[in-house]
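Student: Build me a structure from this.
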Amino acid sequence: MTDRAHHTLQLFTCDGDYKETLPGFELPANIDIRDDLMLVPELLGKITLLDGQNNVVARLDAGRARLDEKKDLRQHPPMWKDGEFIHPHDACFSPEGSVYVAEWVGSGRVSKLTPA
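Tutor: Sure thing, here's the model as predicted:
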């Protein structure tokens with residue numbers, strides 16, 4: 001489960017027993033899992049992918065620096081750039097392996113990332 005207040009993921013067994021805490025996230029919003037990949041949208045402009053051993057295999061965060069440069073970037077659509085996330089609130093895998101990212105911005109924005 002995500003723990004936004006502590007910027008972590010907390011892992012539990014299916015029976016609800018605590019396993020471990022993964023630090024280093026920026027307001028993680030939720031998770032989705034496909035095969036051995038875990039997808040974590042982070043409200044501060046990131047999408048992180050972890051492997052089956054909880055190692056980061058990719059971090060899409062090109063838009064993160066711009067959040068510090070422009071106050072309230074979420075409300076300025078002309079400044080948004082394709083491929084840069086502003087406020088990813090949800091992300092999920094499609095059955096084909098694409099990733100859909102929904103952002104909590106003024107008008108809403110959904111991006112589709114397709115595997116190479």
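
Student: Could you double-check that Lys46 lies in contact with Ala58?
Tutor: No - applying CB atoms under 8 Å as the test, Lys46 and Ala58 come out as separate, 10.4 Å apart. Quick note: C-beta positions are derived from backbone N, CA and C, even for glycine.

Student: Looking at the two, which one has more neighbours?
Tutor: Regarding Lys46 and Ala58, a neighbour count based on other CB atoms under 10 Å identifies Lys46 as having more, with 21 against 12.

Student: Find the nearest non-adjacent residue to that one, please.
Tutor: Asp61 (4.2 Å; CB to CB, 6 or more residues apart in numbering).

Student: contacting residues for the one you found?
Tutor: Asp61 is in contact with 45-47, 85, counting by CB atoms under 8 Å, 6 or more residues apart in numbering.

Student: Spatially central residue for the protein, please.
Tutor: The centre of the chain sits closest to Pro41, judged by CA atoms, centre = their mean, with a distance of 1.2 Å.
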